[in-house]
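Student: Take a look and give me a structure for this.
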Amino acid sequence: MKQFVTGAAGFIGSNYVRHVLATTDDTVTVYDALTYAGNLENIRDLIDDRRCHFVKGDICDQDDVMAAMTGHDAVVHFAAETHVDRS
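Tutor: Purely as a prediction, here's the structure:
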C-alpha cells in the first residue's frame, strides 16, 4: 500500500511513519511544511529508506496537496498547528 502522511515531521507523525516502515512493506510519502511543529531531524533517518519519500508542502495549498497525493491508497492526516487556544 502507498500511504500519504501529512504532518509526518512532527512528533506523532514521525513516530507513525517509523512504525509503518518497521512493521509493513508499505511505501510512505511524508508531506510536511516544516514549520515550528515539524522538524526534518525527526525524519532524517526515515527518508534514507527507499520506501519513504519526503515532499515539503503546506496542506493549505490544495493544488500541491492534490498533485502530491495522486497514486496513493491511503491518507493519514497529522498536520496541525499546536498550542492553539481553544482548538
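Student: now the strands for the protein?
Tutor: With DSSP state E as the criterion, the chain has strands at 2-6, 27-32, 52-56, 74-77.
Student: mind listing what the closest residue to Glu81 other than its chain neighbours touches?
Tutor: Nearest non-adjacent residue to Glu81, counting by Cβ to Cβ, 6 or more residues apart in numbering: Ala37, 6.8 Å away. Where C-beta positions appear, they are placed from N, C-alpha and C, glycine not excepted. Neighbouring residues of Ala37 by Cβ atoms under 8 Å, 6 or more residues apart in numbering: Gly7, Gly10, Ala80, Glu81, Thr82.
Student: ditto for Gln62
Tutor: Per Cβ under 8 Å, 6+ apart, neighbours of Gln62: none.
Student: hmm, who's touching stretch 72-80?
Tutor: Contacts for stretch 72-80 (Cβ under 8 Å, 6+ apart): 1-8, 10, 12-13, 16, 29, 31-33, 37, 59, 69, 87.
Student: mind redoing it with 6 Å?
Tutor: Met1, Lys2, Gln3, Phe4, Val5, Thr6, Gly7, Ile12, Gly13, Ile59 (Cβ atoms under 6 Å, 6 or more residues apart in numbering).
Student: mind checking how far that stretch is from the chain centre?
Tutor: Relative to the mean C-alpha coordinate of its chain, stretch 72-80 is positioned 7 Å out (Cα atoms, centre = their mean, to the nearest Å).
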